[in-house]
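Participant: Generate a structure from the sequence data that follows.
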Amino acid sequence: MKIILTESQYKNLFESKEEKKSDLLYSMWMEGMSIDDIKDYTGMSDHQIISYLKNREINIDCKFAEDLVLKLMFRTDFINKNYNFNDGQMFLNLNSGGYSGTIDFEFNDKEYKLTGFATPYWGGECETPVEGSYFEDKKTDEYVDEYSYSDKKIEYTPSSFNSIQELIDFLNNDYPKQLIKPIKELIEGYI
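Facilitator: Down below sits the predicted model:
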């Protein structure tokens, strides 16, 4: 007796469980389900779903990136939240802005401390505004504890990505490095 297998059945014989999960989640995504929808149907966490989808071809515009940034930063461990620059002379920590949907930063060097907001794709726009909210001169113990609106932004916020992994790479590499320049400009303004 001969059995005829379809191409997809044959493929399933050799695909691992992980590949099957990835294919299933990707097909759900391609059918228009959001990460939250997939989470509701599968019971998987954001981290698990993103793990399976991150290397798949997914077109990400600025509006979608706005939603993904907060999920990546605070519901997964894909994004580093602590950086040091200049051989450990400057430190940058990223935190959740709580219910405000922002990414807060704390910058420290031997002379100054600055906290503020720097949320990529804020408002679905293809930019990253950088604002200060607390400044401290460590030499004089003087401080300013009030939000100050500025027009500071990082130099380049990409307008699209081809995968979640590309967005992760931007957030881990370019974004923290680019924050240093507007942070330094904000510090100069406080001085």
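
Participant: doesn't F161 make contact with A65?
Facilitator: Yes - A65 is within contact range of F161, at 6.9 Å (criterion: C-beta atoms under 8 Å). C-betas here are computed from N, CA, C, even on glycine.

Participant: Neighbour count: those two, which is higher?
Facilitator: Neighbour count, other C-beta atoms under 10 Å: between A65 and F161, A65 has more, with 24 against 20.

Participant: How about the helix or strand hosting the more buried one, which residues are buried there?
Facilitator: Assessed by DSSP states H and E, A65 sits inside helix 62-74. Using 16 or more other C-beta atoms under 10 Å as the test for burial, helix 62-74 gives 62, 64-74.

Participant: How much space separates the closest residue to V144 other than its chain neighbours from T119?
Facilitator: Using C-beta to C-beta, 6 or more residues apart in numbering and skipping the chain neighbours, the partner closest in space to V144 is F135 (4.7 Å). Per C-beta to C-beta, to the nearest Å, F135 is found 19 Å from T119.

Participant: Then Y26?
Facilitator: 28 Å.

Participant: try T102
Facilitator: Following C-beta to C-beta, the distance that separates T102 from T119 is 5 Å.

Participant: One more: T76?
Facilitator: Counting by C-beta to C-beta, the gap from T76 to T119 is 17 Å.

Participant: Domain-wise, how is this structure divided?
Facilitator: Annotated domains of the chain cover 7-53, 82-190 [automatic domain parsing].

Participant: can you list these in a markdown table and add mean pLDDT?
Facilitator: Below are the domains of the chain laid out as a markdown table (pLDDT from 0 to 100):
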| stretch | mean pLDDT |
| --- | --- |
| domain 7-53 | 84 |
| domain 82-190 | 91 |
